[in-house]
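1. sequence first, then the predicted structure:
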Amino acid sequence: MVAQININVGQNSNAQEGGTSSESGSSLGEEDFMKLLEMLMKELLSNEGSGDGGSRPGGPPGGDKGGRIDSSQGSGRAPSSGDSGSTPAPGGGEPMGKGEEVGQAKGTGYYPADDPVEGGFVDMKGNDLNTLQDHLNGDADYVSIALDQELYDSGAVEYGDKFRIPELEEKYGQEIEFRAVDTGPSFQGKGFGAVDICTATEQDTFDETINGMLTLNKVD
């Protein structure tokens, strides 16, 4: 903006002809002139401060996010490889083979308890019982099961032999290692026709699948 201002401050021109005096332009007092000059300076400074687009310190809206990383950039972790087919046994064990079917057993459940019927907290060799729920949670390498004492006596089963039960693996969607480590009087003489599954609580023993017909696959 260019402003042209012509101001005559207290200047009078005297007419030389006829001895008459006349004013040229408009006369403005010094005090009024200073006030006008101050107003003009304020206006100029105000226009310079506004800038282009009225921007303010701190950056325009919608600009930088303050150095934060956008979550869409990822966390740097490797992506999941997806389903690998075979589920490793909890506790770092290797996947077991399918095993050989040795019988169709009527299933029942028992749980660790200080009770003559349940048999206490340890198996036939004095080792702690491992429950199905502990194994599913990754807190036990295997699940304790009880079989007919005659199977141990005849050599058909040895303490610690591994078994798989497809019905329970299908129910829980993972490979489960069962080990024959216990026995009980309620299924004496039934061979592979009965199996007792160790569970965490009494309520767990009522599970429908556990109390159904179960396939016993013995794994070498």
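-> Perfect, I can see it now.

2. outside of stretch 124-138, which residues touch it?
-> 90-91, 111-112, 121-123, 140-144, 159, 168, 172, 174, 176-177, 179, 181-183, 197-200, 204, 210 (C-beta atoms under 8 Å, 6 or more residues apart in numbering). Every residue, glycine included, has its C-beta placed from N, CA and C.

3. now that we have the residues you listed, which of them are buried?
-> Listed as buried from these are 90, 111-112, 123, 140, 142-144, 168, 176-177, 179, 181-183, 197-200, 204, 210; burial here means 16 or more other C-beta atoms under 10 Å.

4. among those residues, which ones are in strands?
-> Using DSSP state E, the members of these that fall in strands are V143, S144, R179, V181, D182, I197, C198.

5. quick check: the fifth one touching Q149?
-> No - under the contact definition of C-beta atoms under 8 Å, D182 does not touch Q149, with a separation of 9.9 Å.

6. of the ones in strands among the buried ones among the contacts of stretch 124-138, just say which sits nearest to G97.
-> Nearest to G97, judged by C-beta to C-beta, of those is R179 at 15.1 Å.

7. list the beta-bridge partners for V143.
-> When assigned by DSSP bridges, V143 has beta-bridge partners F178.

8. contacting residues for it?
-> Each residue near V143 by C-beta under 8 Å, 6+ apart is listed here: N130, T131, L132, H135, I176, E177, F178, R179, I197, C198.

9. what would those residues look like in CSV with pLDDT?
-> Below are the contacts of V143 laid out as CSV (pLDDT from 0 to 100):
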residue, pLDDT
N130, 98
T131, 98
L132, 98
H135, 98
I176, 98
E177, 98
F178, 98
R179, 98
I197, 98
C198, 98
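
10. same list (these) but as a markdown table, adding distance to Q188.
-> Shown next, in a markdown table, are the contacts of V143 (distance: C-beta to C-beta, whole Å):
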| residue | distance to Q188 |
| --- | --- |
| N130 | 23 |
| T131 | 24 |
| L132 | 23 |
| H135 | 27 |
| I176 | 26 |
| E177 | 25 |
| F178 | 20 |
| R179 | 20 |
| I197 | 18 |
| C198 | 18 |
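
11. output the below-cut-off pLDDT ranges for this structure.
-> Residue ranges of the chain with pLDDT under 70: 1-28, 42-95.

12. and the helices in it?
-> Ranges of helices in the chain, per DSSP state H, are 30-50, 132-136, 149-154, 166-172.

13. switch these over to JSON lines; also include distance to T215.
-> Output for the helices of the chain, formatted as JSON lines (distance: least, C-beta to C-beta, whole Å):
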{"stretch": "helix 30-50", "distance to T215": "85"}
{"stretch": "helix 132-136", "distance to T215": "16"}
{"stretch": "helix 149-154", "distance to T215": "16"}
{"stretch": "helix 166-172", "distance to T215": "5"}
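
14. most tightly packed of these?
-> helix 132-136 (a mean of 20; mean count of other C-beta atoms under 10 Å).
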